[in-house]
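Asker: I'll drop the sequence and a predicted model, then ask my questions.
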Amino acid sequence: RICVITLAEAHPLLQNGKTITSINYQISANCSRLQNKVSGKSKRGAQFLTELAPLCRISSSDGEEYTIYSCIRGRLIEVNENILNNPAILQEKPSTEGYIAVVLPKFEESKSITQGLLTRKEYEEVLLKRLNSSS
């Protein structure tokens, strides 16, 4: 029932051979995802995220900055502080050690969320359509 937020295989940071220069969990002057302090069984103190809530900003060597959004409603359980010291693991191991955050969706919503996910085949078809439309 937890959601691990990672970069998609098709994300420009993983496709174009870019180098990540920095990762910033400071979303605004008053909001840092690093200040998220979770405790207890009910995950008290966790920041609540909406689908459009930014999790972090990633800067690359070519000057591009990418905002990574939660894409899911729920409580922010953990951010991966390891990528701050070693941003390369975001590209080397994006679906394991290079995760961005862990989010716990509301129990009532978790079933509808999983039903709305794409299968591997559907995801590949979407990427193929996107590739064909841009060329």
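Answerer: Arrived safely.

Asker: When you work out contacts or count neighbours from here on, use the C-alpha atoms and nothing else.
Answerer: Noted.

Asker: Stretch 67-82: how far from the chain's middle?
Answerer: Here stretch 67-82 is found 6 Å from its chain centre; the criterion is CA atoms, centre = their mean, to the nearest Å.

Asker: What lies in contact with that stretch?
Answerer: 5, 33-34, 36, 38, 43, 46-58, 98-106 (CA atoms under 8 Å, 6 or more residues apart in numbering).

Asker: Return the set of buried residues in it.
Answerer: For stretch 67-82, a neighbour-count test (16 or more other CA atoms under 10 Å) marks 68-70, 72-79, 81 as buried.

Asker: tell me the two of these that are most distant?
Answerer: Greatest spatial distance among the buried residues of stretch 67-82 (CA to CA): R73 and E81, at 21.3 Å.

Asker: what's the weakest-modelled helix or strand in the protein?
Answerer: helix 107-115 (a mean of 75; mean pLDDT, DSSP states H and E).

Asker: what's the neighbour count on T114?
Answerer: 11 (other CA atoms under 10 Å).

Asker: just checking, P54 touches N24?
Answerer: No: counting by CA atoms under 8 Å, N24 is not a contact partner of P54; they are 10.7 Å apart.

Asker: Break down the protein into its helices, ranges please.
Answerer: Secondary structure of the chain (DSSP state H): helices located at 12-15, 82-85, 88-92, 107-115, 120-134.

Asker: Tell me which of these lies nearest to G63.
Answerer: The nearest among the helices of the chain, by CA to CA, is helix 12-15 at 12.0 Å.

Asker: I'm done for today, thanks for sticking with me.
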